[in-house]
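Student: Curious how this folds, go ahead:
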Amino acid sequence: MADSSSLSRDRDDATSFSWASTRTAVEQDPSLLSWGSGSQPSVPSVDDDAQTETRSISGSVRSSTMSIDSSLYHFVEENGRTYHRYKEGRYFLPNDAAEQERLDLQHQLFTVAIGNKLNITPFSHDPLRVLDIATGTGIWAIEFAVQHPGSQVLGTDLSPIQPQFLPENCRFEIDDAEDEWAFSEPFDFIHGRALMSCFNDPAAVVRQAFANLAPGGVMEFQDALFPMSYVGDTPVDSALYRWNEMMVEGVTRLGRSWSNVKNYRRYFEEAGFEDIVEKRFYWPTSPWAKGLYFKLVAAYFQEDMLAGIEGMSLKVLGGLGMSTDEVKGFVEEVKRDFRDTSVHAYLTV
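Tutor: Okay, the predicted model is just below:
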């Protein structure tokens, strides 16, 4: 990340706007969001009584999101799901109402995991121009615009699934971040999250972002590293392990990688960024991990994956030759492993 201390803009003409967030807040004790000393959580450890204080957390998670209505444009239908038509096939996951609801849940997973915040980057004042690439439903961009009324926030995505009624300082455009960027002015903050399925050449996206940052500007990516890791012996006979390995193989055949996160620091360095900060967070698959923080994160992550794993798998595992029915049957086995507290798996973010 570049040093943000040099950002300075006149914000006297900023428009204030009152906006009711699309996100329903979860009632939770602030202590749930603490991972103890240090600037980031340590790798989770196994809880011998995995169901402790879990039921109420899971209940809150299931009732904590609202779906955003989207029937704005025609989409491509396949296997009973809809996908983006603009640059059809570039993105593997669906964009229908069920997927939009999952994306809003995933938004809360990210915010809870990093301490109930939208971003880790500290700002002494509102960054003037903000870009959110691969914005999805736009929920991050909308909430950032609400929290930073002095910012002008732009979200871009392949799918036009964002809501029509927005804060005055937030707007969306249909765009592919792998195309040549043609913005008229540079940005003070560029944000990207859950990008691992998005790009053929993420390093090129990082280079374009650097070229489109104002002096002193900052970029923050939050993303996951596949395959998952395990505490203790690796459960090589489990459906979850097989799914991880097959998904990595499948996306490789489709010309993508789900392991690019380990290269992000190098991409940033090669693009010219300075003062790069890397933090790691861990998402357990179920409440097998000790501590209320990890149980809360696990509840969100499990719900996110139970809702999204079929959509993630249909195209990728279909590319390995599995039929739709075979994928759906296999996915049910993987879901059982996500609920099984004897499978000590976690995702590194």
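
Student: The longest helix anywhere in the chain: what's the following helix or strand?
Tutor: Taking DSSP state H as the criterion, the chain has its longest helix at helix 292-318. Beyond helix 292-318 in the direction of the C-terminus, DSSP states H and E gives the next helix or strand as helix 324-339.

Student: partners of the helix or strand following that next one in the sheet?
Tutor: Using DSSP H and E, the helix or strand that directly follows helix 324-339 along the chain is strand 345-348. The pairing partners recorded for strand 345-348 under DSSP bridges are strand 225-230 (antiparallel), strand 282-284 (antiparallel).

Student: Quick one: closest of the ones you listed to Asp126.
Tutor: Closest to Asp126 of the strands paired with strand 345-348, according to CB to CB: strand 282-284, at 29.8 Å. The way it works is simple: take the backbone N, C-alpha and C, and place the C-beta from them, glycine included.

Student: now the longest helix of the chain against helix 324-339, angle please.
Tutor: Relative orientation of helix 292-318 and helix 324-339, computed by axes from the mean of the first three to the mean of the last three CA atoms, to 10 degrees: 170 degrees.

Student: tell me what helix 292-318 is packed against?
Tutor: Where contact means 3 or more CB pairs under 8 Å, 6 or more residues apart in numbering; DSSP states H and E, helix 292-318 is packed against helix 55-62, helix 97-113, helix 239-253, strand 282-284, helix 324-339.

Student: Need the winner for burial among these.
Tutor: For the helices and strands packed on helix 292-318, the largest average neighbour count (mean count of other CB atoms under 10 Å) is found in strand 282-284, namely a mean of 25.

Student: which parts of the strand ranked longest in the chain are buried?
Tutor: In the chain, with assignment by DSSP state E, the single longest strand is strand 213-222. For strand 213-222, the neighbour count (16 or more other CB atoms under 10 Å) marks 213-214, 217-219, 221-222 as buried.

Student: I'd like the distance between Asp233 and Asp47.
Tutor: Here Asp233 is placed at a distance of 17 Å from Asp47 (CB to CB, to the nearest Å).

Student: Ala97 too?
Tutor: From Ala97 to Asp47 the distance is 35 Å (CB to CB).

Student: Distance from the longest helix of the chain to the middle of the chain?
Tutor: The chain centroid and the centroid of helix 292-318 are separated by 12 Å under CA atoms, centre = their mean, to the nearest Å.

Student: Just list the residues touching Glu249, thanks.
Tutor: Going by CB atoms under 8 Å, 6 or more residues apart in numbering, Glu249 touches Leu320.

Student: Same check on the one 4 residues further on?
Tutor: Arg253 makes contact with 319-320 under the criterion CB under 8 Å, 6+ apart.
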